[in-house]
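> Have a look at this fold, sequence not included:
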């Protein structure tokens, strides 16, 4: 009982410190999602991010989402690097996905993330690879850019839900933020 109360207190303190450490003007939130395999929709496991809010600099409303993926469904992607793309998900797909956590970011960080998205999407040296550069590594990089601790354990690189749960464990305060 005492341990549970101490753990709850520790999570609360981390949450408060995290909120106080964030820039007060941040109005754009980066949210992290995972999807398990869907045979009915012919989709495999996936991780992606949404960016929602309003930019302080110009008042522009932001509602974007990005998920790094192989451009081909050819089985060769299991054995070699292949051309990449960014999947832009529809609202119903996002609603059915597993929401993990959200973090506020500054306008500057938002613009850096969008630039990184464009690099992953269009730079031919950023080919998709099932174990080295996939949707999981993409959301991990976005997490780091958002100010979160993120690492890349090889055993989690094909497990989006487990990976995002791992990131939440590395950053205890983020898991308590509600879905946007």
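Yep, it's here. Note that this is a predicted model, so its numbers are computed, not measured.

> before we move on, what SS does residue 166 have?
Following DSSP: H, G, I helix; E, B strand; the rest coil, residue 166 is assigned to helix.

> and residue 68, how many residues sit next to it?
Residue 68: 26 surrounding residues under other CB atoms under 10 Å. C-betas here are computed from N, CA, C, even on glycine.

> and residue 174, what pLDDT?
pLDDT recorded at residue 174 is 82.

> got the contact list for it?
For residue 174, the contacting residues are 18, 101, 102, 103, 148, 168, by CB atoms under 8 Å, 6 or more residues apart in numbering.

> What distance do you get for it to residue 127?
Distance, residue 174 to residue 127, using CB to CB, to the nearest Å: 30 Å.

> Next secondary structure after the helix or strand of the chain with the lowest mean pLDDT?
When the helices and strands of the chain are scored by mean pLDDT, DSSP states H and E, helix 2-21 comes last with a mean of 40. Stepping forward along the backbone from helix 2-21, the first helix or strand reached (DSSP states H and E) is strand 28-35.

> Now find how far off-centre that next one is within its chain.
Centre-to-centre, strand 28-35 and its host chain are 5 Å apart (CA atoms, centre = their mean, to the nearest Å).

> which of the residues in that strand are buried?
By neighbour count with 16 or more other CB atoms under 10 Å, strand 28-35 contains the buried residues 28, 29, 30, 31, 32, 33, 34, 35.

> And for stretch 111-128?
Applying 16+ other CB under 10 Å to stretch 111-128 flags 113, 117, 120, 126, 127, 128 as buried.

> from what I can see the fourth one touches residue 118, true?
No - with contacts counted by CB atoms under 8 Å, residue 126 stays clear of residue 118, the gap being 10.3 Å.

> count of residues packed around residue 169?
10.

> In TSV, list the buried residues of strand 28-35 along with pLDDT.
Converted to TSV, the buried residues of strand 28-35 look like this (pLDDT from 0 to 100):
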residue	pLDDT
28	97
29	96
30	97
31	97
32	97
33	97
34	96
35	94
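
> Looking at these, which one is closest to residue 74?
residue 35 (21.1 Å; CB to CB).

> Now do that closest one against residue 105, distance only.
23 Å.

> again with residue 27
If you measure residue 27 against residue 105 using CB to CB, the figure is 9 Å.

> So between those two, which is more surrounded?
Between residue 27 and residue 105, counting by other CB under 10 Å, residue 105 is the more crowded of the two (24 against 19).

> Show me where this structure has its helices.
Residue ranges of the helices in the chain, as given by DSSP state H, are 2-21, 91-96, 107-122, 135-145, 160-170.

> Perfect, that will be all.
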